[in-house]
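Undergrad: Any chance you can model this:
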Amino acid sequence: MSTMNSKVGKMKRYSNEYLIEEIQRLAKQLGHTPRTTDFSHYSLAFKRFGSWKAFIEAAGLPEYSARKTIYSRYELAKAAQEQALTLRRAPNSNEFKYKHIVYELFSSWDEFIKFTGLKPNEKIVKDKKVYTSEELVAEVKTVLAELGRMPKCSEVSHAIYTAIRKQYGGWKSFLYKEGFSEKAPTANSNQHK
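TA: Numbers count the residues shown, from 1 in each chain. Below you'll find the predicted structure:
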């Protein structure tokens, strides 16, 4: 059979209904409208329906959208504030995924940060809980059990590490005073290690 005949046979083998069912199944699996690169029968769908857009419309799917677009200054500010809670500080422009939109709506990054109500270089305390010594020990034991070894200070949550520094003066002092280490810290050994 020639290449031309095998192509014609393949085209007849897949009905329009089959193509539509396949794209709908794939959309459900992906959680969004598939792109042309996601669909193995793209060429056939294009030939049958005249365009990818016409095919997608025939399947009753919305056009593919690569990202949720944030347009308003207030939505951008909210996104930056949410990111600041995670970072515990205002994000810089390289960390903010909508920076290209920020520069369309604001004259500078500093203007945007002022608009959000955040302050550059100011730490945000999300967890103001005061931990008891027992809670700190329990948290470190939990991490120790997960890792199978003594954790480094960077391997416990920021809130726990901050509380340890405030209450014990440093990580190594905590480890010694709570019996995790037999080695007493020296004057300079309580650094971040």
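
Undergrad: Return the distance of stretch 33-45 from the chain's centre.
TA: Distance, stretch centre to chain centre, for stretch 33-45: 27 Å (Cα atoms, centre = their mean, to the nearest Å).

Undergrad: Check stretch 44-56 too.
TA: 34 Å.

Undergrad: Pull out the buried residues from it.
TA: L44, A45, R48, F49, W52, F55, I56 (16 or more other Cβ atoms under 10 Å). (Each C-beta comes from the backbone N, C-alpha and C, glycine too.)

Undergrad: Could you work out the end-to-end span of it for me?
TA: Across stretch 44-56, the terminal residues are separated by 13 Å (Cα to Cα, to the nearest Å).

Undergrad: Outside of that stretch itself, list whatever touches it.
TA: 10-11, 14, 16, 19, 23, 33, 36, 39, 42, 58, 62-64 (Cβ atoms under 8 Å, 6 or more residues apart in numbering).

Undergrad: who's in contact with R73?
TA: R73 touches L105, F106, F115, counting by Cβ under 8 Å, 6+ apart.

Undergrad: among these, which are in strands?
TA: Here DSSP state E is the test, and the contacts of R73 give no hits in strands at all.

Undergrad: for the protein, which spans come out with low pLDDT?
TA: 1-12, 65-71, 121-128, 187-193 (pLDDT under 70).

Undergrad: how about the helices in it?
TA: 3-13, 16-30, 42-49, 52-58, 73-87, 99-105, 109-116, 133-147, 158-168, 171-177 (DSSP state H).

Undergrad: Please work out which of those helices is packed deepest.
TA: helix 171-177 (a mean of 20; mean count of other Cβ atoms under 10 Å).

Undergrad: With only the CA atoms kept, save that one in PDB.
TA: Only the C-alpha atoms of helix 171-177 are listed here, as PDB (Å, rounded to 0.1, in the frame of the first residue of the first chain):
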ATOM      1  CA  TRP A 171      21.500  26.400  67.200                       C
ATOM      2  CA  LYS A 172      24.500  24.800  68.800                       C
ATOM      3  CA  SER A 173      23.500  26.100  72.200                       C
ATOM      4  CA  PHE A 174      20.100  24.600  71.800                       C
ATOM      5  CA  LEU A 175      21.500  21.200  70.700                       C
ATOM      6  CA  TYR A 176      23.800  21.200  73.800                       C
ATOM      7  CA  LYS A 177      21.300  22.400  76.400                       C
END
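
Undergrad: what packs against it?
TA: If contacts are counted by 3 or more Cβ pairs under 8 Å, 6 or more residues apart in numbering; DSSP states H and E, helix 171-177 sits against helix 158-168.

Undergrad: Tell me which other helices or strands the helix it packs on touches.
TA: Counting by 3+ Cβ pairs under 8 Å, 6+ apart, helix 158-168 packs on helix 133-147, helix 171-177.

Undergrad: Now do it: distance to the chain's middle.
TA: Worked out by Cα atoms, centre = their mean, helix 158-168 lies 26 Å from the chain centre.
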